[in-house]
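>>> Here's a sequence, model it:
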Amino acid sequence: MLELYKEVALTRDIPEDQLKAGDIAVLIDFVPHPDGGEQGCILEVFNAVGETIAVVTVPISAVKALQSNQVLAVRSR
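Prediction:
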């Protein structure tokens with residue numbers, strides 16, 4: 001279950017925003033699809049020092065909740 005204002009991981013690349021599967025974001029809101037399709041999520045993505053680098057809307061299938069057995073990593077954009 002995805003919760004608002006919690007960190008989530010992307011499950012796919014978002015090339016137009018230079019984001020990759022596995023990047024971490026904060027789930028800001030849920031949005032309905034305008035034509036009745038898959039529900040969307042608004043995400044805020046931060047760099048390693050806490051600055052916002054992107055706010056994106058993706059389908060809910062493009063994110064997953066973080067698990068306790070996962071380790072965070074750092075990469076350059």
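
>>> what about the residue nearest to I28 when sequence neighbours are not counted, which helix or strand?
Setting aside the residues directly before and after it, I28 is nearest to I42 in space (CB to CB, 6 or more residues apart in numbering), at 4.5 Å. Where C-beta positions appear, they are placed from N, C-alpha and C, glycine not excepted. Per DSSP states H and E: I42 is located in strand 40-46.

>>> Name the surrounding residues that touch that strand.
With CB atoms under 8 Å, 6 or more residues apart in numbering as the test, strand 40-46 has contacts from 2, 8, 10, 17, 19, 23-33, 52-60, 62-63.

>>> same thing but 10 Å
With contact meaning CB atoms under 10 Å, 6 or more residues apart in numbering, strand 40-46 is reached by 2, 4-5, 7-8, 10, 14, 17-19, 23-34, 52-63.

>>> Follow the chain on from that strand and name the next helix or strand.
Where DSSP H and E defines the elements, the next helix or strand beyond strand 40-46 is strand 52-59.

>>> Give me the packing partners of that following strand, helices and strands only.
When contacts are defined as 3 or more CB pairs under 10 Å, 6 or more residues apart in numbering; DSSP states H and E, strand 52-59 sits against strand 7-10, strand 24-31, strand 40-46.

>>> Switch those strands over to JSON lines; also include mean neighbour count and distance to Q70.
Converted to JSON lines, these look like this (neighbours: other CB atoms under 10 Å; distance: least, CB to CB, whole Å):
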{"stretch": "strand 7-10", "mean neighbour count": "18", "distance to Q70": "7"}
{"stretch": "strand 24-31", "mean neighbour count": "16", "distance to Q70": "10"}
{"stretch": "strand 40-46", "mean neighbour count": "19", "distance to Q70": "17"}
